[in-house]
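Peer 1: what shape does this take:
(2 chains)
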Amino acid sequence: MGETQFQGQTLSWNLKDGVVELALHREPLNQISSLTLEELEKFVAALDGLNREAHALILHSRLKAGFCAGADLRELYQWIQQYGQVEVGKHAREYLERIHSVMNALDACPLITIAAVHGVTFGGGFELALTTDLIIADKMARFCFPELRLGLIPGYGGIPRLKRDLGNAAVRDLLLTGRSWNTTKAQQIGLVSQVVSEGEALRAARATATQMGKFDRTTAATAKRFVKPIPHEDLRREIDIFCDLLLRPAVQAGLKKFVESTGAQPYLP
Amino acid sequence: METAEKTLDEILTLAADHFKVPREKLSPDGDFFKALGIDSLQTLDLLTKLENHFRVELPDYELQGVTDFRTLAAKIQARL
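Peer 2: Purely as a prediction, here's the structure:
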């Protein structure tokens, strides 16, 4: 049996009454760092055991500011400063392959998975939510792919997953404008399953998980595999494109600007 | 349809209420970042509140360079 509970520096998990709750809690906004990745990999390693004991997984954030702001851009900028151009490309590919391995494991997990989100759900955080079967959002959640602002595309599997789940026009809107959607828009377009009052997403996710626990697990897992194929080819292509773009001077300039910004609006284009 | 002045008034009230700042401290033409003491993430919260209240979509890029409530009200008014 895998670990049924874990308290890490960036995340924790706990299994109770057939539901695993994976809580993100790295200040200031759950930016996904190399330490986050290590702890997500620990979670994935524990999943086989958890799968035997649970029927649902809820991902959520304990931080008031939101679910997750995406990749740790300061860490990425430091990497680029530290390694030369060839080394950055090699390290980026290795890192992305590890991230994708985690995201794919969550996506394919036989448990029914729910992201209970609030506040900022941007970039890699949005991509993490997209691995789940259902997104339940409170009224203050916002969804965004800001990567084009930095001369990049989402690199954690977001584009193939969004294409899988929504129409291509919706993907183009998010990706090419870099704008954020509120939950009304997100629900209208089919991204979000339920919209709840501020602070109520986790409670609603728990109620939904309890409901799902009434159904035969094998049937639910089989149905999930049928309706939610993993877009492997597009995911591999996304890694290739991201690694090509990362080497461009425009990206380094964009990251530098973000890291050094003291303005009130670094998240706006 | 709401008038521009009514829209502006509602925005000032909403902002004061959400960020717990006295309404009389907010002026239509002053810098709202300074008046509210907010950063970019809190600006997104304000955007969400305004979109929910007025039932409009206001793309973030339309807020670029906007620092006063009157201009913000005009942006929202254009979507009503």
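Peer 1: write out the residues of the stretch 1-150 of chain A neighbouring chain B.
Peer 2: With the criterion set to Cβ under 8 Å from any Cβ of the partner chain, the stretch 1-150 of chain A comes near chain B through A:29, A:65-66, A:119-120, A:139-140, A:142, A:144. Glycine gets a C-beta too; all of them are placed from N, C-alpha and C.
Peer 1: which one in these is the model shakiest on?
Peer 2: Sorting the residues of the stretch 1-150 of chain A next to chain B by pLDDT puts A:Ala65 at the bottom of the list (90).
Peer 1: return the residues in contact with it.
Peer 2: With contacts taken as Cβ atoms under 8 Å, 6 or more residues apart in numbering or on different chains, A:Ala65 has the following neighbours: A:28-29, A:119-120, B:41.
Peer 1: how about A:Tyr77: what's its closest non-neighbour residue?
Peer 2: With sequence-adjacent residues excluded and distances taken as Cβ to Cβ, 6 or more residues apart in numbering or on different chains, A:Tyr77 is closest to A:Leu255, at 4.3 Å.
Peer 1: surely that neighbour and A:Leu76 touch.
Peer 2: Yes - assessed by Cβ atoms under 8 Å, A:Leu255 is found in contact with A:Leu76 at 6.4 Å.
Peer 1: wait, A:Glu147 touches A:Pro154, no?
Peer 2: Yes - with contact taken as Cβ under 8 Å, A:Glu147 and A:Pro154 are classed as touching, separated by 5.1 Å.
Peer 1: on that earlier part again, between the contacts of A:Ala65, which is closest to A:Ile99?
Peer 2: The closest of those to A:Ile99 turns out to be A:Leu29 (Cβ to Cβ; 17.8 Å).
Peer 1: measure that closest one to A:Arg62 for me?
Peer 2: According to Cβ to Cβ, to the nearest Å, A:Leu29 and A:Arg62 sit 12 Å apart.
Peer 1: and these two? Which one has more around it.
Peer 2: Between A:Leu29 and A:Arg62, counting by other Cβ atoms under 10 Å in any protein chain shown, A:Leu29 is the more crowded of the two (21 against 13).
Peer 1: which other residues reach the helix or strand harbouring A:Leu76?
Peer 2: Secondary structure assignment for A:Leu76, by DSSP states H and E: helix A:73-82. Counting by Cβ under 8 Å, 6+ apart, the neighbours of helix A:73-82 from elsewhere in the structure are A:31, A:33-34, A:88, A:91-92, A:150, A:246, A:251-252, A:255-256, A:258-259.
Peer 1: repeat that for stretch A:15-29.
Peer 2: Contact partners of stretch A:15-29, identified using Cβ under 8 Å, 6+ apart, comprise A:4-5, A:9-14, A:30, A:33, A:35-36, A:43, A:50, A:53-63, A:65-69, A:111, A:120, A:206, A:209-210, A:213, B:41.
Peer 1: and residue 62, what does it touch?
Peer 2: All of this is about chain A. Shown in contact with A:Arg62 (Cβ under 8 Å, 6+ apart): A:23-25.
Peer 1: let's do chain B instead
Peer 2: Each residue near B:Glu62 by Cβ under 8 Å, 6+ apart is listed here: B:Lys75.
Peer 1: now residue 35. Nearest residue, chain neighbours left out?
Peer 2: By default, I'm working from chain A. In space, and not counting its chain neighbours, A:Leu35 is closest to A:Thr10: 5.6 Å by Cβ to Cβ, 6+ apart.
Peer 1: chain B is the one I meant
Peer 2: Closest residue to B:Ala35 in three dimensions, ignoring its sequence neighbours and counting by Cβ to Cβ, 6+ apart: B:Leu26, at 5.4 Å.
Peer 1: number of nearby residues for the one you found?
Peer 2: B:Leu26 - counted by other Cβ under 10 Å - has 18 other residues nearby.
Peer 1: next: A:Leu166.
Peer 2: Burial of A:Leu166 is recorded as 17 neighbouring residues (other Cβ under 10 Å).
Peer 1: need the residues of chain B near chain A, please.
Peer 2: Taking Cβ under 8 Å from any Cβ, the part of chain B that reaches chain A is made up of B:33, B:38-41, B:43-45, B:47-48, B:51-52, B:55, B:57, B:59-61, B:63-64.
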